[in-house]
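Colleague: Have a look at this prediction, sequence included:
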Amino acid sequence: MTFKTKSRFLSVVAALIATVLVTGCVTTTDSPFAREADRQDAIANYVRLGTAYIGQGNLDRARHHLDRALELDSDSAAARSAMGLVYNAEGEAELAEKSFRQAISSDSDYTRGRVYYGAFLYGQQRFEDASAQFTAASRDTEYPDRGSVFFNLGMTQERLGKLEDAEAAYRRAVELSRGDARPLLSLSRVLVEQGRYSAASRYYSRLTSMMQRDTRMRHSAESLWTGIRIAHSLDDRDQEASLALQLKNNYPESDEYQQYKVLMSNGQ
């Protein structure tokens, strides 16, 4: 399904040096705790800026800010993870993996680093390794985007041919990501692959209801083909014909439409 994705990166402009003026005098604080807090704030701000520039595709500016963060703390897991994204975008897979590994070694509880590393490993088609990272990340109940972690885990398990594990992961993604159509479609598809058409139909109905409420959503070839397979197996000829017509008109060159023609030619 084609959905317009909004960038989750926020541009952050932070003051890294604070001057406090007090009437009648200037007070300076040289506490080691205050200095460390300022340093950590600076690192966090550099990483946020660097990550924002990665989202914009401006890798030079991203590297500049991440280098500044690493100058303040060469073991910063957040900076190392983000630098891994830069290396990966530049096609430097070995450097990217080294950076991701350094981040996890520095802080094994830094969940975002595991998510980045998992996505990198998935892109390298190292699905067992990716599954290990996403599984570890999924255990962090405080992670703000946990639904996406389970969705990524589901995709990985699906690529490994572990359909029951993929189903379980997609179910958690559906529970945690209400309003996100991706896990609904993926769960429907995996249930179809298992021949569980009635269960698939329930989730597919939720998906189509979501699309009716949000007119910006459009069927993809994948979502149409999934619906066709469900309707065909449940002998819903009207639904099947409607979805098949959309598939033919909108995606005539797609693999899904070719599969539909094979289905029809076999008289199944």
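Modeller: Thanks, I have it.

Colleague: CA only for contacts and neighbour counts going forward, please
Modeller: Fine.

Colleague: Neighbours of residue 76, how many?
Modeller: Residues near residue 76, counting by other Cα atoms under 10 Å, number 22.

Colleague: For the residue nearest to the spatial centre of the chain, what are phi and psi?
Modeller: A centroid search over the chain (Cα atoms, centre = their mean) returns residue 148, at 5.1 Å, as the residue closest to the centre. Dihedral pair for residue 148: phi -70, psi -30, per degrees, to the nearest 10.

Colleague: any idea which helix or strand carries the residue nearest to it when sequence neighbours are not counted?
Modeller: Leaving aside its chain neighbours, residue 148 sits nearest to residue 173 (6.6 Å; criterion: Cα to Cα, 6 or more residues apart in numbering). Per DSSP states H and E: residue 173 is located in helix 163-176.

Colleague: Please work out the average pLDDT along that helix.
Modeller: Here helix 163-176 scores 97 as its mean pLDDT.

Colleague: That helix: what's the following helix or strand?
Modeller: Counting by DSSP H and E, the element after helix 163-176 in chain order, helix or strand, is helix 181-193.

Colleague: Buried residues, that next one. List them.
Modeller: By neighbour count with 16 or more other Cα atoms under 10 Å, helix 181-193 contains the buried residues 181, 182, 183, 184, 185, 186, 187, 188, 189, 190, 191, 192.

Colleague: Using TSV, lay out the residues you listed together with pLDDT and distance to residue 101.
Modeller: Listed next are the buried residues of helix 181-193 as TSV, based on pLDDT from 0 to 100; distance: Cα to Cα, whole Å:
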residue	pLDDT	distance to residue 101
181	94	32
182	95	29
183	96	29
184	97	32
185	97	33
186	97	30
187	98	31
188	98	35
189	97	34
190	98	32
191	98	35
192	97	37
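
Colleague: Could you double-check that the residue nearest to the centre of the chain sits in contact with residue 172?
Modeller: No. Using Cα atoms under 8 Å, residue 148 is not in contact with residue 172, being 9.7 Å away.

Colleague: And the host helix or strand of residue 63, what's buried?
Modeller: Per DSSP H and E, residue 63 falls inside helix 59-72. For helix 59-72, a neighbour-count test (16+ other Cα under 10 Å) marks 59, 61, 62, 63, 65, 66, 67, 68, 69, 70 as buried.

Colleague: what packs against that helix?
Modeller: Applying 3 or more Cα pairs under 8 Å, 6 or more residues apart in numbering; DSSP states H and E, we find helix 59-72 packed against helix 32-56, helix 77-89.

Colleague: I figured residue 85 hits residue 97, correct?
Modeller: No. Using Cα under 8 Å, residue 85 is not in contact with residue 97; the gap is 9.4 Å.

Colleague: the more surrounded of those two?
Modeller: A direct count of neighbours by other Cα under 10 Å for residue 85 and residue 97 places residue 85 higher, at 28 against 19.

Colleague: Residue 155: neighbour count?
Modeller: Neighbour number of residue 155 under other Cα under 10 Å is 24.

Colleague: And residue 178, by the same measure?
Modeller: Neighbour count for residue 178, taken as other Cα under 10 Å: 11.

Colleague: quick one: low-confidence ranges for this protein?
Modeller: Within the chain, the segments meeting pLDDT under 70 span 1-34, 267-268.

Colleague: What residue spans form the domains of it?
Modeller: 40-108, 117-175, 178-267 (the TED database).

Colleague: hmm, back to that, hey, which of the helices and strands packed on helix 59-72 is tucked in deepest?
Modeller: Among those, helix 77-89 has the highest mean neighbour count (mean count of other Cα atoms under 10 Å), at a mean of 25.

Colleague: residues making contact with it?
Modeller: Outside helix 77-89, the residues that touch it by Cα atoms under 8 Å, 6 or more residues apart in numbering are 43-44, 47, 50-51, 54, 59, 62-63, 66, 69-70, 93, 95-100, 102-104, 106-107, 110, 112-113, 116-117, 120.
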